[in-house]
Every structure is written in structure tokens, then in C-alpha cells.
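Undergrad: Quick one, fold the following:
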Amino acid sequence: MNNLAGQFKQLTDYAYVLHSVPYKETSLIVELFTLSQGRIPVIAKGAKRKHSALRSVLVQFHPLMIKLSGRSEVKTLLSAEWQGFSLAPEGRAIFAAYYLNELLMLSLKREDPYPELFHLYAQTLSLLAEHADIHLVIRKFELKLLELIGYGIDFSKDKNGFPIQDDVDYSWQLGAGWVTEDDGQLGITLSGQLIRQIHDNGVSLLNAKVLKSLTRQVLAYHTAPKGFTSRIWMEQLLKND
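TA: All right, here's what the predicted structure looks like:
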């Protein structure tokens, strides 16, 4: 009896829709990014029906309060309530928001909670909706994501553990770290002075664009070897920036 009760235990959480696909005739399989459970798939039964309560709220970039049931990997979505405001960006920023969702889909394992990343995601959507600089907010998100999933870029020392030197040029060797000309440079090259500035002061408007190639290479290497579909759209829109 206790096992049966546990099977139908209801869980309440905060969530955002990352992606959805049709399931049977009237339902959806929805990938959610939740506060306490991380990325999870749910079945939204009847969500495709015209008068379904779920139909109008299962929209990307809208903060939701959800209720789930089930103990299997794919749970049942019992309800979803819109939290009264939208973080949906507009114009070119909407493609950056889609890129964030694709990043989370490809980078996060299911049922692995990242509450800090959940709050950063909400903050990043808000900044994009407020027309903040796309390069800056996306770089900050990318770097924090890499850090939280265990592939952070260390801006303080090279691959051998020596402090970054201002008067030396470095490039990032995938899977190793910063290397100098003596180690055989690969990919984008940055000055030691710039790397130290990022370590000391964080990402700024001045260096966000410079870091774009670096974060793209590192993310592709660790999470998306085939690349990011949404990033292609975004690059086309930002190519003249």
C-alpha cells in the first residue's frame, strides 16, 4: 500500500519549458528545466486539445508552477500555472533565448538539479527581454554553465599550473587548458593581459565578443560535437555586430 501511495505522490516545482514534441494524438512530451529536479521529461496529457488548460501555458520562456506525479523517468504533468509575467525576449534576442534552451538540453543530464543555473537562466532571460547586450549576457551564461557542469575555463593559470603572464600570448587547448607558443598554440589566441583581466574583473562589454570563439569551441567539444542549431541562426543575426 505504501509503495502504491508513493507511485502517485505529487510533486510541486518551478519550471520553464525547454522543448516539446507531440505524443500520440492529443498529448505532448515536454522537456522542463525545473528548480529542484533539473531537466526532466513529462507527459502533458491532452495538451494538444483546443480547450486544454495546459495548451496555453506550456510556452517557452514563461515561468511556471507545476505539479507532477509518478516515479518513472517520464512523469505525468498534472497542472501548470503561469506565474503572471513573461520573460520572453523579442527581436534578435529571441534566438539567443532559444540558444539558451538548446544549451540546457544538450549540456544537462536528466534529474540533475542546478538551482544556481536555474536562477541564472531566469535572470538571463530577463536581461535579454530588457534589451541588454546579447554578447555579454550569453558569454556570462556560457561560462557559468561550463563551470557548473565541470568544464570551467580557468583564467588564472596555464595547463601546467603556472600563473598567466601579462606579456605572453595563450590559446586554449581543448581538454588541457591554456598553452603558450612553446606548447604549440591551437585555435583562438588571447593575450595574457586580457586573460588576467577576465579573471580579475569578469566578462565585460569589451571582451565578450573576443571570448565568443573560445566558449563556442569548449561547449561544442564537451556537449555538442555536432554544433548548435539555434546558434547558427543567432550568428547570422549578429554577424555584423
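
Undergrad: C-alpha from now on. contacts and neighbour counts both.
TA: Fine.

Undergrad: Kindly tell me how buried Leu108 is, as a neighbour count.
TA: Residues lying near Leu108 (other Cα atoms under 10 Å) number 19.

Undergrad: Repeat that for Leu54.
TA: 22.

Undergrad: Can I take it that it is in a helix?
TA: No: looking at Leu54 with DSSP: H, G, I helix; E, B strand; the rest coil, it is coil, so not inside a helix.

Undergrad: For the residue nearest to it when sequence neighbours are not counted, grab phi and psi.
TA: Leaving aside its chain neighbours, Leu54 sits nearest to Ala47 (5.3 Å; criterion: Cα to Cα, 6 or more residues apart in numbering). Per-residue torsions, Ala47: phi -70, psi -20 (degrees, to the nearest 10).

Undergrad: Next up, the contacts around Ala47.
TA: Contacts for Ala47 (Cα atoms under 8 Å, 6 or more residues apart in numbering) come out as Thr26, Ser27, Leu28, Ala53, Leu54, Arg55.

Undergrad: Show the buried residues in those.
TA: Buried subset of these (neighbour count, 16 or more other Cα atoms under 10 Å): Ser27, Leu28, Leu54, Arg55.

Undergrad: Distance of the residue nearest to Leu54 relative to Ser27?
TA: 5 Å (Cα to Cα, to the nearest Å).

Undergrad: Could you do Ile195 as well?
TA: 49 Å.

Undergrad: quick one: which helix or strand includes Glu81?
TA: According to DSSP states H and E, Glu81 maps onto strand 75-82.

Undergrad: in this protein, which spans are strands?
TA: 10-23, 27-34, 38-44, 64-69, 75-82, 169-173, 177-179, 189-191 (DSSP state E).

Undergrad: Which one, of these, ends up nearest to Ile138?
TA: strand 10-23 (16.8 Å; Cα to Cα).
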